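K.L.:
Build me a model from this:
(chains A and B)
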Amino acid sequence: DAGVTQSPTHLIKTRGQQVTLRCSPKSGHDTVSWYQQALGQGPQFIFQYYEEEERQRGNFPDRFSGHQFPNYSSELNVNALLLGDSALYLCASSLWGYYFPNTGELFFGEGSRLTVL
Amino acid sequence: AQSVTQLDSQVPVFEEAPVELRCNYSSSVSVYLFWYVQYPNQGLQLLLKYLSGSTLVKGINGFEAEFNKSQTSFHLRKPSVHISDTAEYFCAVSDGSGGSNYKLTFGKGTLLTVNP
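P.N.:
Numbering: from 1, shown residues only, chains lettered A, B, ... in the order given. Got it, this is the predicted structure:
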C-alpha cells in the first residue's frame, strides 16, 4: 500500500522564480493538505483540497496556490519566490467525510525541500 | 485562535532513562491533541492522539501521553528510551470541529537526543 509520495525531494530556485511541488495521496484518501516547515519550526498549515476545491486556507499570501486533480493528486505552486520561502513542504492526505478525527488520521509524505537563493 | 507551546526545544537523556516532553496548548473550544515524530529527512509519523474518553493515551513505540484539561497540557512520556528514539517530536492541536477539519496547529518541536 503506497503511502503519500511527493516530488521532487529537493530543489533549488532563485528569487522571483516560480515552483511547482507535487503530491500523490495515500491509496484510498481523497483529501490533501499542504504544510510549510521552516528550519527549526513546526509545520504550518497552508491549505487543504477536497473535490478539486480549496476547502481551508492558512495565513499564507496569494503567491501560494494549489490544485487538486480528479485522481486526488495535488500540486502546490509558489510564485515570485522569496528567500523566506525556503522550507520543507509537507503534503498530508486523509479521508473526507468521516467525523474527524475519530477514524481519520493525517498521513504525511517525506516532503520537498525547497531552497531559494 | 489556537496555539501550542512545547516548553523544551532540546531534551538530552541517556539510554534506558525515562523522559517527558512537555506540551501546553491554548484554545477557546474543545480540542483534539496529537504527538507526531519526525526522524531526520523524513515526514511526520503519528505517535498518539487524544480524542475523548480516558485522559491517558497510549501510542506506538511505548510512548504515552496524559491530557490534563485544567492545566491545558498534553505531556508525552516514555519510561525507558532507546537510541532509536532520537528524533524531533511535535505536539499538535485541532479544534475538533465536526466533519473533516484536518487543520493542525503544531508546536515548534522538541529534539530528543538519546545518548549511550
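K.L.:
what's the burial count for residue B:1?
P.N.:
7 (other Cβ atoms under 10 Å in any protein chain shown). In this view, the C-beta of every residue, glycine as well, is placed from N, C-alpha and C.
K.L.:
Tell me the spacing between residue A:66 and chain B.
P.N.:
14 Å (Cβ to the nearest Cβ, to the nearest Å).
K.L.:
in chain B, which segments are predicted with low confidence?
P.N.:
B:28, B:96-101 (pLDDT under 70).
K.L.:
For chain B, what's the nearest residue on chain A?
P.N.:
Nearest residue of chain A to chain B (Cβ to the nearest Cβ) works out as residue A:42 at 3.3 Å.
K.L.:
That residue: helix or strand, and which one exactly?
P.N.:
In this structure, residue A:42 sits in neither a helix nor a strand according to DSSP states H and E.
K.L.:
what residues are up against it?
P.N.:
B:4, B:90, B:92, B:106-109 (Cβ atoms under 8 Å, 6 or more residues apart in numbering or on different chains).
K.L.:
Mind pulling up the pLDDT for the residue positioned nearest the centre of chain A?
P.N.:
Residue closest to the mean C-alpha point of chain A, counted by Cα atoms, centre = their mean, is residue A:34 at 2.7 Å. pLDDT for residue A:34: 97.
K.L.:
Next, give phi and psi for the residue of chain B at minimum distance from chain A.
P.N.:
The nearest approach of chain B to chain A comes at residue B:106, 3.3 Å away (Cβ to the nearest Cβ). Main-chain torsions, residue B:106, degrees, to the nearest 10: phi -100, psi 150.
K.L.:
what's the answer for residue B:61, then?
P.N.:
The phi and psi torsions at residue B:61 (degrees, to the nearest 10) take the values phi 60, psi 20.
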